[in-house]
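Asker: sequence plus predicted model, see below.
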Amino acid sequence: MRYQCLGYFNQEKMDALPKEEVEAIMMECQPYLEELYKSGQVLIDVGVEQEVKSLQRVDGKIQVDNVRLGKTKKMIGSAFIIEAQDMEEAIRVASQHPTVQVSKGEQLGWEIEIRPIQYFEKRE
């Protein structure tokens with residue numbers, strides 16, 4: 001089974017840090033990512049930019065809107081898909097991600113949400 005994992009952070013707390021400190025924290029993430037990838041269970045891992053658009057069908061036409069980021073302090077910073085036998089194994093694999101391994105992440109509101117994927121199609 002495949003699982004979608006979303007890594008969240010607190011935008012206000014991250015923005016309050018000096019650029020150099022953020023870069024140092026990101027460098028601390030690298031060894032954890034390398035170990036996670038060695039598991040062979042990560043199908044894709046991406047960093048998510050903060051520009052967000054919302055698509056919605058309105059009166060038969062597609063409407064594109066900017067998403068107001070000020071609604072929540074919790075922002076998506078990463079998304080990854082893993083393969084695991086069940087939710088317990090998905091939790092074990094996702095727990096290797098820097099989001100929950102880097103100690104500074106606790107103060108910055110880092111967390112991971114895990115969801116089973118009901119439909120997944122891979123195209124080459």
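Answerer: Noted; the coordinates are in hand.

Asker: looking only at pLDDT, what's the mean for stretch 93-106?
Answerer: Across stretch 93-106, the average pLDDT comes to 94.

Asker: what's the end-to-end length of that stretch?
Answerer: End-to-end distance of stretch 93-106 (C-alpha to C-alpha, to the nearest Å): 19 Å.

Asker: what lies in contact with that stretch?
Answerer: With C-beta atoms under 8 Å, 6 or more residues apart in numbering as the test, stretch 93-106 has contacts from 3, 5, 7-9, 25, 28-30, 32-33, 35-36, 39, 41-42, 77-78, 80, 82, 84, 110-112, 114. Any C-beta I mention is one placed from the backbone N, CA and C, and that applies to glycine too.

Asker: let's see 7 Å
Answerer: 5, 7, 25, 28-29, 32-33, 35-36, 39, 41, 78, 82, 84, 110-112, 114 (C-beta atoms under 7 Å, 6 or more residues apart in numbering).

Asker: does Gly7 touch Lys74 like I think?
Answerer: No - with contact defined as C-beta atoms under 7 Å, Gly7 does not count as touching Lys74 (10.7 Å).

Asker: the two: which has the busier surroundings?
Answerer: Gly7 (23 against 13; other C-beta atoms under 10 Å).

Asker: quick one: contacts for the nearest residue in space to the more buried one that is not next to it in sequence?
Answerer: Excluding the flanking residues, the one nearest Gly7 by C-beta to C-beta, 6 or more residues apart in numbering is Ser78, at 3.7 Å. By C-beta under 7 Å, 6+ apart, the contact set of Ser78 is 7, 45-48, 99.

Asker: those in helices, which ones?
Answerer: Thr99 (DSSP state H).
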